[in-house]
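Colleague: turn this into a model:
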Amino acid sequence: MGTAARVVVLPQDSRELRIEELTLPDPGPNQVVVKQFASGICHSQLHQMHNPRKSPVILGHEATGVVLKVGSSVTHVAEGDIVLVTWVPRDAAAAAAPPEPAMLDVSDGVAVSQNVFTWADHTIADQQYAVKVDPNVQRDVTSIIGCAVMTGAGAVIRTANVQPGQSVAIFGVGGVGLSAVVGARVAGANPIIAVDLDDKKLEFAKTFGATHGINASNTDPIAAIHALTTRPGEYTITRQPVSGADFTFDCIGIKTTMEQIIPACRSGRFGATDGGTGVLVGVPGTSVELNAIDVLVNEKHFIGSIGGSCAPDRDFPMFLEWQAAGKLDLNAMVTARYRIDEINEATAALEAGQISGRAILEFD
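Modeller: Purely as a prediction, here's the structure:
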């Protein structure tokens, strides 16, 4: 017997999201059915809405819920367990390739997902995408751990491995960027420089640990970052003073910011230290051009970070510990809440830049 579900569907030829009343199948051997309490609303879903599609799409990839049904081969969770649903396999080493993404029969064809779908009051997913957590966790704001927190904080502590005293600049301080700020503060970085186009967001970022805010709408962020990170007495191979952040993080993924993070990095000292590292965290929507001379002469690095290089089984308990210890204020980070019937209003607000932190969907 299947499970009734209300599911948000993105049609193949329209950006107008619709809600369908569906019946989820019973779980296969490696699947779980989850009744969801809340789901994050991620900016990357806007890319899916704007990009061409070959089929309808089911969206969302971070949530908190309770397991209703388990397949015959599922062993790490049981009915009644509280789980975080995420798009990253909880134990990637357990299989040569990630499990197949979830798909559903909808009114206009077979709708596909990017591994999971969480814009639904119930979901079905491979067991690899469900991480068991303490039953006493908050059941609303923890929903953003499965993408926003993992992606932003993970980029700092896992991908970049930022160390105490190293300087960090974070471009874009929405939900992912704020999580990167928290990760930098926990890592002991200094200074932690937030870059955005909105003064209110910059002030908001300071409540999470940013030491400086740069409004790129009226200030050259590259010059401002260099002014904040000078290293007296240190010079490059071309006899220029060394400055720039040890690590810069682009949490947006647009051409402008992707091309700013490398110039904003620290220059290397030939024979002594290499240059800084620019980390691409936001989903890119375009190509990028880098100054190859700058990269070569100053020995700078440009790397990518997908899902914060996180392993959910290992890292989700750590993020929950941060929350319990007051290091990660998820209640403050979630700044907007919507019901499933308001999903089009939610995505419009996100696209208009009206969400200062992270928005979530709450289900009955």
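Colleague: wait, a helix at D313?
Modeller: Yes. With DSSP: H, G, I helix; E, B strand; the rest coil as the criterion, D313 is assigned to a helix.
Colleague: that one: how many residues sit nearby?
Modeller: If you count neighbours by other CB atoms under 10 Å, D313 ends up with 17. C-beta: built from backbone N, CA, C; applies to glycine.
Colleague: how is the protein partitioned into domains?
Modeller: Following automatic domain parsing, one finds the domains of the chain at 3-146+329-362, 149-307.
Colleague: and those, which is most packed in?
Modeller: domain 149-307 (a mean of 21; mean count of other CB atoms under 10 Å).
Colleague: which parts of the stretch 1-150 of the chain are helices?
Modeller: With DSSP state H, counting those that start in this stretch as the criterion, the stretch 1-150 of the chain has helices at 44-50, 148-154.
Colleague: quick one: distance of the last one to the chain centre.
Modeller: This means helix 148-154. Its chain's C-alpha centre and that of helix 148-154 lie 5 Å apart, by CA atoms, centre = their mean, to the nearest Å.
Colleague: lowest average pLDDT across the helices of the stretch 1-150 of the chain?
Modeller: Among the helices of the stretch 1-150 of the chain, helix 44-50 carries the lowest mean pLDDT, a mean of 90.
Colleague: quick revisit: to M318, which of the domains of the chain lies closest?
Modeller: Of all the domains of the chain, domain 149-307 sits nearest to M318, with 8.8 Å by CB to CB.
Colleague: how long is that closest one from one end to the other?
Modeller: Terminal residues of domain 149-307 are spaced 9 Å apart (CA to CA, to the nearest Å).
Colleague: coming back round to it: just send the helices of the stretch 1-150 of the chain back as CSV, with distance to T86 too.
Modeller: Formatted as CSV, the helices of the stretch 1-150 of the chain follow (distance: least, CB to CB, whole Å):
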stretch, distance to T86
helix 44-50, 13
helix 148-154, 7
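Colleague: which of these sits closest to R339?
Modeller: Among the helices of the stretch 1-150 of the chain, the nearest to R339 by CB to CB is helix 44-50 (17.0 Å).
Colleague: and that closest one, what does it pack onto?
Modeller: Helix 44-50 sits against helix 343-351, with contacts defined as 3 or more CB pairs under 8 Å, 6 or more residues apart in numbering; DSSP states H and E.
Colleague: got the CA coordinates for the helix it packs on in CSV?
Modeller: Only the C-alpha atoms of helix 343-351 are listed here, as CSV (Å, rounded to 0.1, in the frame of the first residue of the first chain):
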residue,chain,number,x,y,z
ILE,A,343,6.1,27.6,-3.0
ASN,A,344,5.9,30.0,-5.9
GLU,A,345,5.9,33.0,-3.6
ALA,A,346,8.9,31.5,-1.8
THR,A,347,11.0,31.0,-5.0
ALA,A,348,10.0,34.5,-6.2
ALA,A,349,11.2,36.0,-2.9
LEU,A,350,14.4,34.1,-3.1
GLU,A,351,15.1,35.2,-6.7
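Colleague: so how far is the following helix or strand past that helix off the chain centroid?
Modeller: Going down the chain from helix 343-351, the next helix or strand is strand 358-362, by DSSP states H and E. A distance of 14 Å separates the centroid of the chain from that of strand 358-362, by CA atoms, centre = their mean.
Colleague: then stretch 84-91?
Modeller: The chain centre lies 13 Å from the centre of stretch 84-91; the measure is CA atoms, centre = their mean.
Colleague: avg pLDDT for it?
Modeller: Mean per-residue pLDDT for stretch 84-91: 96.
Colleague: neighbouring contacts of that stretch?
Modeller: Defining contact as CB atoms under 8 Å, 6 or more residues apart in numbering, one finds that stretch 84-91 is touched by 34, 36, 61-65, 76, 95, 98-99, 114-116, 118, 123, 125, 128-131, 133, 142-143, 145-147, 150, 307, 310-313, 316.
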